[in-house]
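> Predicted model and sequence below, questions to follow.
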Amino acid sequence: QVQLVESGGGLVQTGGSLRLSCVASGNIGSIKVMNWYRQAPGKQRELVAAIHTGGTTNYADSVKGRFTVSRDNAKNTVYLQMNSLKPEDTAVYYCNVDVQHYGGMYYYNYWGQGTQVTVSS
């Protein structure tokens, strides 16, 4: 009922930048929180950044000061600007949102398919 399409991943050198985008489409009445997670090989998936409806943001300690999350509510899109990238940022990055469907009462959680970010040393 809701599709998430991520883009913007790729290969970058240490110190470089990337901007990830995630567009949500489908039966969307409202989106409460939009998150970015990442999962490196052999590691658990971790929350990188979150942005709430009113614009409040949260970041993992490991990315504070380097990553910036933003959203365009009119376009149902969330962005992740990643600067000063490090090899340890290498992971598959996933978009995750809480959506209330049209006419619905509850929020449902959806995941994107992920986009690979590789930072070379």
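Perfect, thanks for sending it.

> Only C-alpha atoms from now on, for both contacts and neighbour counts.
Will do.

> buried set for stretch 76-96?
76-80, 82-83, 85-86, 89-96 (16 or more other C-alpha atoms under 10 Å).

> From Y102, how far out is the residue most central in space within the chain?
In the chain, the residue lying closest to the centroid (C-alpha atoms, centre = their mean) is W36, at 2.7 Å. W36 sits 24 Å away from Y102, taking C-alpha to C-alpha, to the nearest Å as the criterion.

> and if you look at N35?
Remark: distance between N35 and Y102 (C-alpha to C-alpha) = 21 Å.

> One more: T56?
24 Å.

> Quick check: closest non-adjacent residue to D98.
Using C-alpha to C-alpha, 6 or more residues apart in numbering and skipping residues adjacent in sequence, the residue nearest D98 is N109, 4.6 Å away.

> The one you found: what's it in contact with?
Shown in contact with N109 (C-alpha atoms under 8 Å, 6 or more residues apart in numbering): N96, V97, D98, V99.

> If you rank those residues by neighbours, which is first?
Ranked by neighbour count under the definition other C-alpha atoms under 10 Å, those are headed by V97 with 25 neighbours.

> hang on, it in a helix?
No. V97 is assigned strand when assessed by DSSP: H, G, I helix; E, B strand; the rest coil, not a helix.

> Test my guess that V48 contacts V63.
Yes. Counting by C-alpha atoms under 8 Å, V48 touches V63, with 7.2 Å between them.

> what about these two, which has more around it?
V48 (22 against 17).

> what about that one, which helix or strand?
strand 46-52 (DSSP states H and E).

> and that strand, which strands flank it?
Strand pairing for strand 46-52, determined by DSSP bridges: strand 30-39 (antiparallel), strand 57-59 (antiparallel).

> Identify whichever of the ones you listed lies nearest to S121.
strand 30-39 (18.8 Å; C-alpha to C-alpha).

> mean confidence for the closest one?
Predicted confidence along strand 30-39 averages 97 (mean pLDDT).

> Please apply the same query to stretch 1-19.
97.

> Pull out the buried residues from it.
In terms of neighbour count (16+ other C-alpha under 10 Å), stretch 1-19 has its buried residues at V2, Q3, L4, V5, E6, G9, V12, T14, S17, L18, R19.
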